[in-house]
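[1] no FASTA, just this:
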């Protein structure tokens, strides 16, 4: 027996009111989504614009210019000279008989350096002494004769005229004797110059003659035989530029550095200034003295001379990275009122490498931008990097 399954399907349709309600809910949801999306986009756009505007304002670091603690160092070339240098020339002619000292030998005042053989002067001296003896004999005879005639005048045996003649002859003979004596003294003094002696304590720094050399008395025009130098102190001559002349005066200290002693310093002191500017070089000559009791320094050598110049209280130091050099000249950017950029033209007084000393254009209260961004213009707004917007002094060189 078979069974039949009978299935019944519902054929009921939704009402129009339900469809409307569903559509209304869906529309409200869609409108809410659109509104929320628009609000979100507007908020994001406003935030983006605010962030963009903030990023458009550059952030800068500022420093406060301050006076330097130490003055600049002026480095100039100088030359060393002996404290006293005496080139010795011959004052008599002859042949060099011998020399006693060579270069580098220390000598005392009056010490024999060499001796000249002077046969011609020796003969002249012999002749002069013979002439003196003859003149003395003639004067003695004339004196005796004059006395005798003076004695006879008292007995009226001779005339006064004859006595006066004999007295005059005696006076003439005495004058000839004195002239002969002066000639002898002159030749003796000249003969003494055959001994070449040191004029003062020092060192023989040159010997330009040898045994047997012909010596001509030059009076300063002939060749130098010896040179004696006093080197216990040395003079240092430096040509100082005109602009630094007023800062270097007698009593100022300086430091010398010479190539033969790297790393060693010698202290010197300014003792004189020419107080005149050389029109060709634009410099003034300054003389210093340096102690050389240990004989380390050599006359005629080259030296670097370092002068510590005084601090200029009116000058201000800033980092070299704060300088701007363009078509407008040398300037620095400062932060002015309202954190706006203000450019100032400046002039450099001294360049220390990492820092420079400004001679004009800045005041102690200026806030100078360090490493200003490219393209920054006068009047641009900036933000200061420090938290409290307070400028910090820069580190001095």
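    Happy to help now that I have it. All values derive from a computational prediction rather than experimental measurement. Residues are numbered from 1 along each chain as shown.

[2] got the buried residues for stretch 75-85?
    Judged by neighbour count using 16 or more other C-beta atoms under 10 Å, the buried positions of stretch 75-85 are 76, 78-85. For every residue, glycine as well, the C-beta is placed using N, CA and C.

[3] Give the rounded mean pLDDT of it.
    Throughout stretch 75-85, pLDDT has a mean value of 93.

[4] ok, residue 19 to residue 26 distance?
    From residue 19 across to residue 26, the span is 11 Å (C-beta to C-beta, to the nearest Å).

[5] Check residue 145 too.
    Distance from residue 145 to residue 26, by C-beta to C-beta: 174 Å.

[6] Which one's more surrounded, these two?
    Higher neighbour count among residue 145 and residue 26: residue 145, with 16 against 10, using other C-beta atoms under 10 Å.

[7] by contact count, what packs against the helix or strand hosting that one?
    Secondary structure from DSSP states H and E places residue 145 in helix 119-153. Packing contacts for helix 119-153, counted by 3 or more C-beta pairs under 8 Å, 6 or more residues apart in numbering; DSSP states H and E, involve strand 94-99, helix 160-192.

[8] Reformat these as TSV; add mean pLDDT.
    Output for the helices and strands packed on helix 119-153, formatted as TSV (pLDDT from 0 to 100):
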stretch	mean pLDDT
strand 94-99	90
helix 160-192	89
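
[9] Make CSV out of the ones you listed and add mean neighbour count and distance to residue 242.
    Converted to CSV, these look like this (neighbours: other C-beta atoms under 10 Å; distance: least, C-beta to C-beta, whole Å):
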stretch, mean neighbour count, distance to residue 242
strand 94-99, 16, 47
helix 160-192, 15, 50
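
[10] In CSV: those, plus distance to residue 336.
    Converted to CSV, the helices and strands packed on helix 119-153 look like this (distance: least, C-beta to C-beta, whole Å):
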stretch, distance to residue 336
strand 94-99, 81
helix 160-192, 86
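
[11] for these, which one sits closest to residue 289?
    Evaluated over these, closeness to residue 289 peaks at strand 94-99, with 31.9 Å, by C-beta to C-beta.

[12] average pLDDT across the helix or strand following the closest one?
    Using DSSP H and E, the next helix or strand after strand 94-99 towards the C-terminus is strand 106-107. The pLDDT scores in strand 106-107 average 92.

[13] still on that earlier bit, and the buried residues of stretch 75-85, which of them are in strands?
    76, 78-85 (DSSP state E).

[14] Nearest to residue 318, out of those residues: which one, please.
    Nearest to residue 318 among those, with distances taken as C-beta to C-beta, is residue 76, at 26.3 Å.

[15] hey, what's the spatially most central residue of the chain bridged with?
    What sits nearest the mean C-alpha location of the chain, by C-alpha atoms, centre = their mean, is residue 76, with 3.1 Å. Beta-bridge partners for residue 76, by DSSP bridges, are residue 305.

[16] residues touching it, list them.
    238-240, 304-305, 307 (C-beta atoms under 8 Å, 6 or more residues apart in numbering).

[17] Put the buried members of those into a PyMOL selection.
    To isolate the buried members of the contacts of residue 76 in PyMOL, using 16+ other C-beta under 10 Å:
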select buried, resi 238+239+240+305+307
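
[18] The contacts of residue 76 into JSON lines, with extra columns for pLDDT and distance to residue 120?
    Below are the contacts of residue 76 laid out as JSON lines (pLDDT from 0 to 100; distance: C-beta to C-beta, whole Å):
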{"residue": "238", "pLDDT": "95", "distance to residue 120": "49"}
{"residue": "239", "pLDDT": "94", "distance to residue 120": "48"}
{"residue": "240", "pLDDT": "93", "distance to residue 120": "52"}
{"residue": "304", "pLDDT": "94", "distance to residue 120": "53"}
{"residue": "305", "pLDDT": "94", "distance to residue 120": "51"}
{"residue": "307", "pLDDT": "91", "distance to residue 120": "56"}
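
[19] and of the contacts of residue 76, the nearest to residue 329?
    After measuring the contacts of residue 76 against residue 329 - C-beta to C-beta - the closest member comes out as residue 240, at 29.2 Å.

[20] Show me what counts as buried in the host helix or strand of the closest one.
    Here residue 240 sits within strand 226-241, counting by DSSP H and E. Neighbour-count burial for strand 226-241 flags 226-231, 234-236, 238-240 (criterion: 16+ other C-beta under 10 Å).

[21] Adjacent strands (with direction) for it?
    Its sheet considered, strand 226-241 pairs with strand 73-88 (antiparallel), strand 202-207 (antiparallel), strand 283-291 (antiparallel) by DSSP bridges.

[22] Return the residues in contact with residue 151.
    Applying C-beta under 8 Å, 6+ apart, no residues contact residue 151.

[23] With residue 336 instead?
    Taking C-beta under 8 Å, 6+ apart as the test, what residue 336 contacts is residue 342.

[24] begin at 51 from here
    Taking 51 as the first residue, the last one we looked at is residue 386.

[25] how near is it to residue 368?
    Distance, residue 386 to residue 368, by C-beta to C-beta: 16 Å.

[26] Not counting sequence-adjacent ones, nearest residue to residue 288?
    residue 128 (4.2 Å; C-beta to C-beta, 6 or more residues apart in numbering).

[27] I'd assumed residue 357 was in contact with the one you found.
    No: counting by C-beta atoms under 8 Å, residue 128 sits too far from residue 357 to count as a contact (10.4 Å).

[28] Could you list the low-confidence segments of the stretch 151-300 of the chain?
    205-207, 268-272 (pLDDT under 70).

[29] How about the stretch 301-447 of the chain?
    363, 436-447.

[30] Which residue ranges of it form strands?
    303-307, 316-323, 333-341, 352-358, 366-369, 373-376, 379-385, 391-395, 397-401, 405-410, 418-420, 433-434, 442-443 (DSSP state E, counting those that start in this stretch).
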